[in-house]
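Asker: Take this sequence and fold it.
(one chain, ligands or ions: 2)
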Amino acid sequence: MPQNSPEPYEPVLSAEVRAALSTGLPVVALESTIIAHGLPRPRNLSVARELEGLVRSAGAVPATVAVLDGRAHVGLGEDQLERVAEDPKVRKLGHRDLAPALAAGASGATTVSATAFLAARAGVGVFATGGLGGVHREWAADQDESADLRLLARTGITVVCAGVKSILDVPATLQRLETLGVCVVGYGTGHFPGFYLSSSGEPVDWTVHSPEEVVEVIRARKALGGPASALIVANPVAEADQLDPALHDRVLAEALDACRERGISGQAVTPFLLDQLMRRTEGASLEANLAAVRGNVTLAARIAVTAAAR
Ligand code: PSU
Ligand code: MN
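Answerer: Residues are numbered from 1 along each chain as shown. Ligands and ions are numbered 1, 2, ... in the order given. Purely as a prediction, here's the structure:
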């Protein structure tokens, strides 16, 4: 049992993350659901390692977040990262699942909502992911809206993402973010990114062009004070790395049909659709997904490094 955590349910910080946070070194939180449930094995483990490597090359400390045997971890060792990638018993944990998972001694990968919560609680200011969860296209019938949105509306953290997954209703998700008062800035773009695509076609109200400009927004938010909420930095995948938009639209329609036909619901929807897209594009969606995540992780690290230098 870790000695640095006397209370059994308190999150455990890795020694490296703890040291970095106490000396003001830059730290970037990474989510684990994308590793356990968003990417195919065995590629997922090499991606998990690669993402941590990208954070390090940019001069920051990676803090991958997960729950293992009833302990929440911020910063994983090599064996722990392997378990998240390889153990089929690793569940998918949103924020609301954390307490029962800890109480049951369970293991799980953390979604954006659970990762943002644990990272912010530990004092990590920047978090990188692929695409956020959001309002699903069948919302009017099933009211499926990711818990990511509401959690981000009350958690003070900067999240770098390639927009929201394109399997979602993007305009409805942007509307919900506005209603919830979550600040969204486009990184080098006036359009909200489309996850696998560089643009969703939807406009954003604010654009920033450098890590320095992001850090100015963070400073202004701190100075203003008020209730905690997330800053979403929407960073598009490069056009050269995006999925062919026509292919994207066609396979997405097929995947949504398959989801309906098989009656997939709840937490299973997102992993099912991501997997369907990957199969139906013969891996091209996976490459676009990875390019987006890599770009986000690198940008998050640059933002953390810039913020730590001020
Ligand atoms: N983005 C990806 N792959 C993923 C996810 C996002 O590229 O696997 C995960 C995130 O963890 C996000 C979750 O929080 O999907 C949303 O799931 P749901 O719609 O069930 O809330
Ligand atoms: Mn959902």
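Asker: for the most centrally placed residue in the chain, what are its contacts?
Answerer: Residue closest to the mean C-alpha point of the chain, counted by CA atoms, centre = their mean, is residue 129 at 2.9 Å. Contacts here follow CB atoms under 8 Å, 6 or more residues apart in numbering; on that basis residue 129 touches 30-31, 34, 112, 115, 159-161, 293, 296. C-betas here are computed from N, CA, C, even on glycine.
Asker: how near is it to ligand 2?
Answerer: 15 Å (CB to the ion, to the nearest Å).
Asker: going forward can the numbers begin at 28, since that is how I track them
Answerer: Noted, 28 is the first residue going forward, which turns the last one into residue 156.
Asker: Hmm, residue 164 is touching residue 195, no?
Answerer: Yes - with contact defined as CB atoms under 8 Å, residue 164 and residue 195 form a contacting pair (6.7 Å).
Asker: per-residue confidence for the residue lying closest to residue 226 once chain neighbours are set aside?
Answerer: Among residues not flanking residue 226 along the chain, residue 218 sits closest, at 4.2 Å (CB to CB, 6 or more residues apart in numbering). The per-residue pLDDT reported for residue 218 equals 98.
Asker: Inside strands: which ones of the contacts of residue 156?
Answerer: In strands, defined here by DSSP state E, the members of the contacts of residue 156 are 57, 186-188.
Asker: Return the residues in contact with the residue nearest to residue 183 when sequence neighbours are not counted.
Answerer: Computed as CB to CB, 6+ apart, the closest residue to residue 183 that is not its neighbour in sequence is residue 255, at 3.6 Å. By CB under 8 Å, 6+ apart, the contact list for residue 255 reads 147, 181-183.
Asker: which stretches of the stretch 228-337 of the chain form helices?
Answerer: Remark: helices assigned in the stretch 228-337 of the chain by DSSP state H, counting those that start in this stretch are 238-251, 272-288, 296-307, 311-335.
Asker: same check, this time on the stretch 78-227 of the chain
Answerer: 105-113, 125-131, 139-149, 166-169, 174-179, 197-206.
Asker: Give me the neighbour count for residue 310.
Answerer: Number of residues near residue 310 (other CB atoms under 10 Å) recorded here: 11.
Asker: What of residue 48?
Answerer: Residue 48, neighbours per other CB under 10 Å, totals 20.
Asker: State the distance from it to residue 181.
Answerer: Counting by CB to CB, to the nearest Å, the gap from residue 48 to residue 181 is 22 Å.
Asker: again with residue 249
Answerer: From residue 249 to residue 181 the distance is 16 Å (CB to CB).
Asker: Which one's more surrounded, those two?
Answerer: Shown here are residue 249 and residue 181; by other CB under 10 Å, residue 181 has more neighbours (16 against 10).
Asker: Which pLDDT value goes with the more buried one?
Answerer: 98.
Asker: check contacts around it.
Answerer: Neighbouring residues of residue 181 by CB under 8 Å, 6+ apart: 254-256.
Asker: Please list all residues in contact with the nearest residue to residue 114 once chain neighbours are set aside.
Answerer: Nearest in space to residue 114, with sequence neighbours left out and distances taken as CB to CB, 6+ apart, is residue 134 at 6.7 Å. Counting by CB under 8 Å, 6+ apart, residue 134 touches 93-97, 110, 114, 116-118, 128.
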